[in-house]
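In: build the 3D model from these lines:
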Amino acid sequence: MKATPLPFGEARRVCNTQGGKLKEAFRILQEEGVRVVWCTYDQVLEECVMDKAWEEAKFIQAHMIRTGFNADTVLATKLLGLYSKCGNLVEARQLFDGMLEPNVASWTAMMGAYSGHGYGEKALKLFYEMQCKGVPADGYTFATVLAACANSQRLGDGKEIHEEIVRNGFRTNVFVVSALVNMYAKCGRIEDARKVFDEMPERNLVSWNAIVAGYAQNGCVDEALKLFWEMPERNVVSWTAVVAGCAQNGLINESRELFEKMPERNVISWTTMILGYAQNGEIEEALKLFWKMPHRNTVSWTAMITASAKHGHAEDALKLFGHMQQTGILLNQFTFASVLSACANMGSLKHGKEIHESIIRSGLHSDVVVGSALVDMYVKCRSIQEARTVFDNMPEQNVVSWNTMIAGYAKYGYVDEAANLFVKIPVRDVVSWNAMIAGYIQNGYLDEAVKLFQGMPERDIVSWNTTIAGYVQSGHFYEALTLFQELQSTDMKPDLDTFACVLPACANLAALGHGKLVHNCIVKNEFKSDHDGFVGSALVDMYSKCGTIKDARRVFNRMPRRDVVSWNAMILGYAMHGHGRETFLLFEEMKEAGTMPDNVTFVGVLSACNHGGLVKDGWKYFHCMSQNYHMEPDIEHYVCMVDLLGRAGHLDEVQAFIDKMPINPGPAMWRSLLGACKVHKNIELGESVAQLLFELDPENASPYVQLANIYAAAGRWDDAENVRKMMKDGGVKKMPGCSWIEVNNRVYVFMAGNRSNLQMQDIFAELERLSGYMKEAGYVPDTDFVLHDVEEEQKEHVLFHHSEKLAIAFGLINTYHRTTIRIVKNLRVCGDCHSATKFISKIALREIIMRDTNRFHHFKDGQCSCGDFW
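Out: Now for the predicted structure:
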């Protein structure tokens, strides 16, 4: 029987009679001897495109190969578009590469596939390949490649293509020029976008929409709305652009009003409003609106899943994904990437593996976006080996997947593996460098991190922030300040994270001058630091640790929104300065403001009790933790109580307290008790506590020094010398005492016996001068703080060369009269230096603020704020 062709237009009828099952329709057609002709394929492919029928399209492609129609460029291009629409870019590219002579429509369709799925760089590469092969671009090609430039922020390529458009005579093509407006706007060049728009000889609705959306995207909401109301006509795209613009710039109420005024809405406008709510933290409003949508598609479902995952509602994201699967709506690579992000945020390996199985069934396991999301999920679920397996099996690895794998290895301590990948990565971007730098820092390899930072071909603000933070975390505060100063000499603009990184360096060095410069930089860059909880808290901490508690309170008072970190910073500041009353009042304010205190809050309050010797209040707040707030005290709170009771002389009570503790006392607690034994000259208890510490913390020099001090104060020089011998024989090294002072925004460090400072002769002369006045005023050197059995005169000489005295003398000869002197000591200030500084403050008519490891001492007119209790 001779086969007869299926007439044009009959394909749809045949498909519909078979319930849309195209495979079955083709089988029946073949059995009946019907010969399928070109127009049949064209018609059926149209149906597939409309329905996104990917499985059916694969069958059609196989049928076309058998009948020889696979070589037809028009049909192949239509099939390519279908694969793209279904998110199957691997199959789309294979089809494109198999074309014998792709025409401009085929090239453009493949570029559009890449651009539409977020692969702008691949679209650009394809455009340049097309030019090399001599295929002339048309208006659709230029519009497509400009969209790729816009979406991937490739301004340089966009400008080159602009020149190409002018050379090829497309400067009056309204479709192409509208794409130019969009490209410049999305690349942040709104002035250039407006110039192109103003020079257009003819504008259509697309042009107007492009410029309105451009202004909105660049934060110029007023100009966007002005142009919007000037438009000769508006459509749903115009309305959606201003709805999005208002929402993106925090004007959610205005966005809502515009959305409600829209004469018509489509899925995109509904989705835009949902995303607007989510961007402004109103995730519940977003979800309400989502369920009100008259029609939902892949984009809207994916947007809601993404918003839920991003804003900490991972479980809701998984539930939404389940609902979406039940609807039968197509799941694309972005849907899977979003739900994998939710699994990663939850740390749910079980759910992540279930999604992985769904991805394999969908055929999207080869997609690079999905592959990168899978790697990220396995990394965050601490399954680093499975992450590596996915990474190795990816047909194509992009820089995101490489960076994720590097960061994952570094995070879990596999620094060598991370470094090996970093060396092998085909193309490194700035994120690659940042990931490796952060990895080295996290694992204690600061020198390697700094070397990488110095060798970077280009840096972003994250590079600077990561390295500054690395210096701070490693205790290299001066280097952190130096690097911040280097940053300021570049064109790079610091952000809030920069300030949050560098302020602790100022705080730890008590570098008030640097701290004020940083604060001024925050104001200069128009950051509302007092409105930002993290940076505002860092400023409070910096001013507190630099000895200016009033400035700390001033910043605190200006913060309209205070979280527990802000309150704690101020409470700890007051406690550090010995302001017990202010600490207690602020604690009450905190409760009245509705902020729940945490463990750190009580450390601050108990420290205030400790510095004031307020035993009764200490017990009250200690019991308050469990009785009023159902918090179990941890080791820090117990140490505070031991220190408080011990320094108040309640040594018997301390021993009973330790015996009843529900947790094991650690070395910090025993060191605190040993300090109390030194203050109260309790040799017997001191010996037993020191012996415990020798066993618990054998490499720590503190208990040896404390015990030697106890013996020296009692005149037991042989015992003191024996302790020193024990230290030497055990290889235990004492941390050398050092003090530092900031003068003219430069930090100077002093150590006892160190003569490296160029002004050392002047410093000694100043100390000699002061010594005479001090003795006339009644100062008697307390030689009990000298551990060596030497003559009294030699002991006095040793005492007068302690690091804090050297720093004070340096400050006196290098600052103006009556200028406050601020110094920091890395150990607890000794009794003689404390006494001497009181005399110096009165003789030199200076306020001297000293911070040691325990607290602040404000010396003025011969008195200290601690009341000689420290």
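In: just say helix, strand or coil for the most centrally placed residue in the chain.
Out: In the chain, the C-alpha nearest the mean C-alpha coordinate belongs to Asp497, at 7.5 Å (CA atoms, centre = their mean). Judged by DSSP: H, G, I helix; E, B strand; the rest coil, the three-state class of Asp497 is helix.
In: same check on the one 10 residues further on?
Out: Going by three-state DSSP, the secondary structure assigned to Ala507 is helix.
In: quick one: mean pLDDT over the helix ranked longest in the chain.
Out: Ranked by residue count, the top helix of the chain under DSSP state H comes out as helix 760-776. Across helix 760-776, pLDDT averages out at 93.
In: that helix - contacts with which helices or strands?
Out: On a contact count with 3 or more CB pairs under 8 Å, 6 or more residues apart in numbering; DSSP states H and E, helix 760-776 meets helix 803-814, helix 831-843. The C-beta positions use only the backbone N, C-alpha and C, and glycine is treated the same way.
In: ok so, going back, can you give me the pLDDT of the residue nearest to the centre of the chain?
Out: 92.
In: which non-adjacent residue is nearest it?
Out: Nearest residue to Asp497, sequence neighbours excluded (CB to CB, 6 or more residues apart in numbering): Asn465, at 4.9 Å.
In: okay, that neighbour and Leu487: tell me how far apart.
Out: 9 Å (CB to CB, to the nearest Å).
In: so for those two, which residues contact both of them?
Out: Residues touching both Asn465 and Leu487 (CB atoms under 8 Å, 6 or more residues apart in numbering) are Thr498.
In: more crowded one of these two?
Out: Asn465 (23 against 20; other CB atoms under 10 Å).
In: can you name the helix or strand that that one falls in?
Out: Counting by DSSP states H and E, the element that carries Asn465 is helix 461-473.
In: show me which positions of that helix end up buried.
Out: 462-472 (16 or more other CB atoms under 10 Å).
In: one more: stretch 386-404?
Out: 386-388, 390-391, 394, 397-404.
In: repeat that for stretch 95-113.
Out: 95-96, 99, 102, 105-113.
In: likewise stretch 425-434?
Out: 425, 428, 431-434.
In: repeat for stretch 373-388
Out: Neighbour-count burial for stretch 373-388 [16+ other CB under 10 Å]: 373-381, 383-384, 386-388.
In: show me where pLDDT drops low in the stretch 651-800 of the chain?
Out: 783-798 (pLDDT under 70).
In: about what we covered before: now, the buried residues of stretch 386-404 that are in helices?
Out: 386-388, 390-391, 399-404.
In: those residues: which two are farthest apart?
Out: Glu386 and Val399 (21.1 Å; CB to CB).
In: how long is stretch 544-554 from one end to the other?
Out: 11 Å (CA to CA, to the nearest Å).
In: hang on, the earlier thing: would you reformat the buried residues of stretch 95-113 as CSV and include pLDDT?
Out: Shown next, in CSV, are those (pLDDT from 0 to 100):
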residue, pLDDT
Leu95, 81
Phe96, 88
Met99, 84
Pro102, 89
Ala105, 92
Ser106, 91
Trp107, 93
Thr108, 92
Ala109, 90
Met110, 92
Met111, 93
Gly112, 91
Ala113, 89
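In: mind listing which of those are in helices?
Out: 95-96, 105-113.
In: closest to Gly455 among those residues?
Out: Met111 (35.9 Å).
In: any idea which element the closest residue to that closest one other than its chain neighbours lies in?
Out: Closest residue to Met111 apart from its sequence neighbours, by CB to CB, 6+ apart: Ala123 at 4.4 Å. Ala123 belongs to helix 120-132 when elements are defined using DSSP H and E.
In: quick revisit: against Val535, how distant is the residue nearest to the centre of the chain?
Out: Distance of Asp497 to Val535, given as CB to CB: 9 Å.
In: please apply the same query to Phe764.
Out: 43 Å.
In: and if you look at Leu340?
Out: 33 Å.
In: these two: which is more packed in?
Out: Leu340 (27 against 24).
In: spit out the contact partners of the more buried one.
Out: 352, 355, 370, 373-374, 376-377.
In: switch to 7 Å and redo it
Out: Leu340 makes contacts with 352, 355, 373-374, 377, as judged by CB atoms under 7 Å, 6 or more residues apart in numbering.
In: take those residues and keep only those in helices.
Out: Those of these lying in helices (DSSP H): 352, 355, 373-374, 377.
In: is it possible to get CSV of those that adds pLDDT and distance to Asn297?
Out: CSV is the format used below for the ones in helices among the contacts of Leu340 (pLDDT from 0 to 100; distance: CB to CB, whole Å):
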residue, pLDDT, distance to Asn297
Gly352, 95, 25
Ile355, 94, 20
Ala373, 95, 21
Leu374, 96, 24
Met377, 96, 25
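In: Glu776: which of these is nearest?
Out: Checking the ones in helices among the contacts of Leu340 one by one against Glu776 (CB to CB), the nearest turns out to be Met377, at 75.3 Å.
In: can you verify my assumption that the closest one contacts Asn345?
Out: No - assessed by CB atoms under 7 Å, Met377 is found out of contact with Asn345, at 9.4 Å.
In: low pLDDT regions in this structure?
Out: For the chain (pLDDT under 70), the answer is 1-71, 87, 526-532, 783-798.
In: so which strand or helix has the closest residue to Gly730 other than its chain neighbours?
Out: Of all residues not flanking Gly730 in the chain, Pro698 sits nearest, at 6.8 Å (CB to CB, 6+ apart). Per DSSP H and E, Pro698 falls between elements, in no helix or strand.
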